[in-house]
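*Asks:* My questions concern the predicted model and sequence given below.
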Amino acid sequence: MRTEKTEARGAVSAAARRLVEAQATGRACAPIADLIGADDIALAYQVQQTVTRHRVEGGARLIGRKIGLTSKAVQSQVGVDQPDFGVLFDDMRYADGEVIPYGRLLQPKAEAELAFVLGRDITEAGDLRTVREAVELALPAVEIVDSRIADWRIGITDTVADNASSGVFVLAGDGLPVDRFEPADVRMTMRRGTEEVSSGTGRDCLGDPLNALAWLAATAIDVGAPLRAGEVVLSGALGPMAVVCPGDEFEVSIEPFGTLTARFSEEQAVGKEEV
């Protein structure tokens, strides 16, 4: 007789295979809530960890974490009501102005945010002072979120399992230490060409991007994978997401940092051979 634990393992494996196949073939899949349920977030993180192991075994290197769904505007856009987190791999990072191959993405959307580079481990959950002291530098960033789930038909377990709907990201500049500015006070504007497509402030990210970092630090400790020195942390959107199309170019201003550019190739996303 199959036990609940055995059934859960089978569901995790099936969900992970579905997501891996969607990424490998370039064809978005059905929601996975039908496999793991719509509310079991712990099981969804098990799926995420399974897919992460698959990527690492394939040669990818972990370089940090990302926090998702920190902005009320973004939560409203995707229909969820709480943050989540995923991991960052080395091949997800692009430089300011570097052309991002559109074909590696399925259904991308751009959001502007602050990135933190950690100068020390965070092994004990603490207050804002604790996480502030752990930050070596802050940098402006554009995260390109993506979903392996067709038409972004996601609930919280879908996006958690799908590595918090991660795609790629752009970092720019040399950064600033957080004693030079207040993350809650940054102001962001994102334009596609001459059209403004998003705006916001640090307070749109859980009240303060450092609040988001504190949430992640505590959550990472809870799951047994505390934040480590040298990791990059994308702290979450400062405003609404904008759909990305082939050939798009986004200019993002985050004061006091200045501007950065996320640029995409003209190539259309097409189905890829399974790997």
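*Replies:* Structure's in. What do you need?

*Asks:* hang on, residue 87 in a strand?
*Replies:* Yes. Read with DSSP: H, G, I helix; E, B strand; the rest coil, residue 87 is one of the residues of a strand.

*Asks:* close enough to count as contact, it and residue 68?
*Replies:* No. Using Cβ atoms under 8 Å as the test, residue 87 is too far from residue 68 to be in contact (11.5 Å). Backbone N, C-alpha and C define where each C-beta goes, glycine included.

*Asks:* Need the overlap of contacts for those two.
*Replies:* Common contacts of residue 87 and residue 68, defined by Cβ atoms under 8 Å, 6 or more residues apart in numbering, comprise residue 166.

*Asks:* Neighbour count for those two, which is higher?
*Replies:* Taking neighbours as other Cβ atoms under 10 Å, residue 87 and residue 68 compare with residue 68 leading, 27 against 22.

*Asks:* That one pairs with what?
*Replies:* residue 84 (DSSP bridges).

*Asks:* which residues in the chain form helices?
*Replies:* Using DSSP state H, the helices of the chain run over 4-25, 33-36, 41-57, 72-78, 128-134, 156-161, 209-222.

*Asks:* for the last one, what is the average pLDDT?
*Replies:* The pLDDT scores in helix 209-222 average 93.

*Asks:* Ok, the first one next?
*Replies:* Across helix 4-25, the average pLDDT comes to 91.

*Asks:* Flag every buried residue along it.
*Replies:* Buried residues in helix 4-25, counted by 16 or more other Cβ atoms under 10 Å: 8, 11, 12, 15, 16, 17, 18, 19, 20, 22, 23.

*Asks:* Now do it: which elements does it pack against?
*Replies:* Helices and strands touching helix 4-25, by 3 or more Cβ pairs under 8 Å, 6 or more residues apart in numbering; DSSP states H and E, are helix 33-36, helix 41-57, helix 156-161.

*Asks:* Which elements pack onto the first one?
*Replies:* Counting by 3+ Cβ pairs under 8 Å, 6+ apart, the packing neighbours recorded for helix 33-36 are helix 4-25, helix 41-57, helix 156-161.

*Asks:* now the angle from the longest one to helix 41-57?
*Replies:* What that stands for is helix 4-25. Orientation of helix 4-25 against helix 41-57 (axes from the mean of the first three to the mean of the last three Cα atoms, to 10 degrees) gives an angle of 50 degrees.

*Asks:* what about dumping the CA coordinates of helix 4-25 to PDB?
*Replies:* Output of helix 4-25 as PDB, limited to C-alpha atoms (Å, rounded to 0.1, in the frame of the first residue of the first chain):
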ATOM      1  CA  GLU A   4       1.400   9.400   2.100                       C
ATOM      2  CA  LYS A   5       5.100  10.000   2.200                       C
ATOM      3  CA  THR A   6       5.600   7.800  -0.900                       C
ATOM      4  CA  GLU A   7       2.800   9.600  -2.700                       C
ATOM      5  CA  ALA A   8       4.400  12.900  -1.900                       C
ATOM      6  CA  ARG A   9       7.700  11.800  -3.200                       C
ATOM      7  CA  GLY A  10       6.100  10.700  -6.400                       C
ATOM      8  CA  ALA A  11       4.300  14.000  -6.800                       C
ATOM      9  CA  VAL A  12       7.500  16.000  -6.200                       C
ATOM     10  CA  SER A  13       9.300  13.900  -8.800                       C
ATOM     11  CA  ALA A  14       6.500  14.200 -11.400                       C
ATOM     12  CA  ALA A  15       6.300  18.000 -10.800                       C
ATOM     13  CA  ALA A  16      10.000  18.400 -11.200                       C
ATOM     14  CA  ARG A  17      10.100  16.400 -14.400                       C
ATOM     15  CA  ARG A  18       7.300  18.500 -15.800                       C
ATOM     16  CA  LEU A  19       9.200  21.800 -15.100                       C
ATOM     17  CA  VAL A  20      12.600  20.400 -16.300                       C
ATOM     18  CA  GLU A  21      11.000  19.300 -19.600                       C
ATOM     19  CA  ALA A  22       9.300  22.700 -20.100                       C
ATOM     20  CA  GLN A  23      12.700  24.400 -19.700                       C
ATOM     21  CA  ALA A  24      14.500  21.900 -21.900                       C
ATOM     22  CA  THR A  25      12.000  22.000 -24.700                       C
END
